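*Asks:* Got a sequence here, can you model it:
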Amino acid sequence: MPSNDWMNPYTVNWPTEKAALRAYSTARHLADKPSIIIITRDGTALAAQTVRIEGKSGVINAGQVYTDLQQTYTRTVTVFGLPTLNIATGDRFGYQGDTYSVTGVTAHAGEIQAQAERYQT
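*Replies:* Predicted coordinates for the structure are as follows:
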């Protein structure tokens, strides 16, 4: 019969240790390709924040939406940030001439990941 140590190899401090390790890894990830964004929430601009924006698909558009008699292409991206990232579903931000709308936020131990859609005309 396996011992209790074998069945549960994590220390009591594992959640804290895991969060610290992931935050360190996320900080390195952000430093490799940082993007500074200003989020607008309910018409109010928040302070500038450093994130990393990664496309979820290299060349494929997630779909297209027709608005104001023009064809607008959408593409899903993931926004990575440290646990201090102030981002919420429904937020908007601009980056490199495109507009992004946040569709979901997931909090991980030591990292925040947000899903957003980029709109291009």
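*Asks:* quick one: average pLDDT of the helix or strand hosting V79?
*Replies:* V79 belongs to strand 70-81 when assigned by DSSP states H and E. In this model, strand 70-81 has an average pLDDT of 81.
*Asks:* next structured bit after it?
*Replies:* Criterion used, DSSP H and E; the element after strand 70-81 is strand 92-95.
*Asks:* Now do the same contact list for the spatially most central residue of the chain.
*Replies:* For the chain, the residue nearest the mean C-alpha position is V79 (2.5 Å; CA atoms, centre = their mean). By CB atoms under 8 Å, 6 or more residues apart in numbering, the residues touching V79 are I37, V51, R52, I53, L85, I87, Y100, V102, Q113, A114, Q115, A116. All C-beta atoms are positioned from the backbone trio N, CA, C, and that covers glycine.
*Asks:* In three-state terms, label P15 for me.
*Replies:* What DSSP: H, G, I helix; E, B strand; the rest coil gives for P15 is helix.
*Asks:* residue contacts, the nearest residue to it once chain neighbours are set aside?
*Replies:* If the residues on either side of it in the chain are set aside, P15 comes closest to A109, at 6.5 Å by CB to CB, 6 or more residues apart in numbering. A109 makes contact with P15, K18, A19, R22, according to CB under 8 Å, 6+ apart.
*Asks:* Could you tell me how far stretch 75-87 lies from the centre of the chain?
*Replies:* In terms of CA atoms, centre = their mean, to the nearest Å, the gap separating the centre of stretch 75-87 from the centre of its chain is 2 Å.
*Asks:* can you give me the helices in this protein?
*Replies:* 4-7, 14-32 (DSSP state H).
*Asks:* Of the contacts of A109, grab the buried ones for ChimeraX.
*Replies:* To isolate the buried members of those in ChimeraX, using 16 or more other CB atoms under 10 Å:
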select :22
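*Asks:* Would you check the contacts of A109 and say which has the weakest pLDDT?
*Replies:* Lowest pLDDT among the contacts of A109: P15, 73.
*Asks:* Relative to H108, how far out is that residue?
*Replies:* 12 Å (CB to CB, to the nearest Å).
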